[in-house]
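> Predicted model and sequence follow; I will ask about them next.
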Amino acid sequence: MADVPWDDLDAFFIGGSTEWKLSREAATLAAYAKSKGKWVHMGRVNSRKRIHYAERIGCDSIDGTAFSKWSNVFIPKGLSWIAPLPLFR
């Protein structure tokens, strides 16, 4: 982590494979980025389980193609999924 130029970054993006995004290393980097005052974003988040995971590791924002491709179905679902999360209250 010491070799990451944190002062030059505005945000930390968690992308890549599912295995990587759900890894302890990604969660550790997310926590470190938050401790440095950085925005943390996770991509390819299309399920309740993944939304709750992203919130749990400190993500400030998420995106997922399901919300744009099938917005009439996924926007209402997504809103119900985030309603109980402290971050979104």
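Thanks, I have it.

> from here on, contacts and neighbour counts on C-alpha atoms
OK.

> quick one, what contacts the residue lying closest to Lys38 once chain neighbours are set aside?
Counting by CA to CA, 6 or more residues apart in numbering, Lys38 lies nearest to Ala11, which is 5.1 Å off, once chain neighbours are set aside. Ala11 sits next to 33, 38-41 when contact means CA atoms under 8 Å, 6 or more residues apart in numbering.

> just Ile14 next, same as before
Ile14 sits next to 21, 26, 30, 40-43 when contact means CA under 8 Å, 6+ apart.

> Could you give the number of residues near Thr28?
Thr28 has 13 neighbours, counted by other CA atoms under 10 Å.

> Could you report the pLDDT at it?
Looking at Thr28, its pLDDT reads 97.

> tell me which residues in the helix or strand containing it are buried?
Using DSSP states H and E, Thr28 maps to helix 24-35. Residues of helix 24-35 classed as buried by neighbour count (16 or more other CA atoms under 10 Å): 26-27, 29-31, 33-34.

> so what strands line up beside the helix or strand following it?
Downstream of helix 24-35, the first helix or strand assigned by DSSP H and E is strand 39-42. Paired neighbours of strand 39-42 in the sheet (DSSP bridges): strand 11-14 (parallel), strand 61-62 (parallel).

> Mind exporting the C-alpha coordinates of strand 39-42 to CSV?
What follows is strand 39-42, C-alpha atoms only, in CSV (Å, rounded to 0.1, in the frame of the first residue of the first chain):
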residue,chain,number,x,y,z
TRP,A,39,-14.2,8.0,-2.3
VAL,A,40,-14.6,4.2,-2.8
HIS,A,41,-16.6,2.9,-5.7
MET,A,42,-17.3,-0.7,-6.7
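
> Average pLDDT for it, rounded please.
The average of the pLDDT scores along strand 39-42 is 97.

> Against which helices or strands is the helix holding Thr28 packed?
Applying 3 or more CA pairs under 8 Å, 6 or more residues apart in numbering; DSSP states H and E, one finds that helix 24-35 contacts strand 11-14, strand 39-42.

> The most centrally placed residue in the chain: what's it in contact with?
Central residue of the chain (CA atoms, centre = their mean): Met42, 3.1 Å from the mean position. Taking CA under 8 Å, 6+ apart as the contact definition, Met42 lies against 13-15, 54, 59, 61-63.
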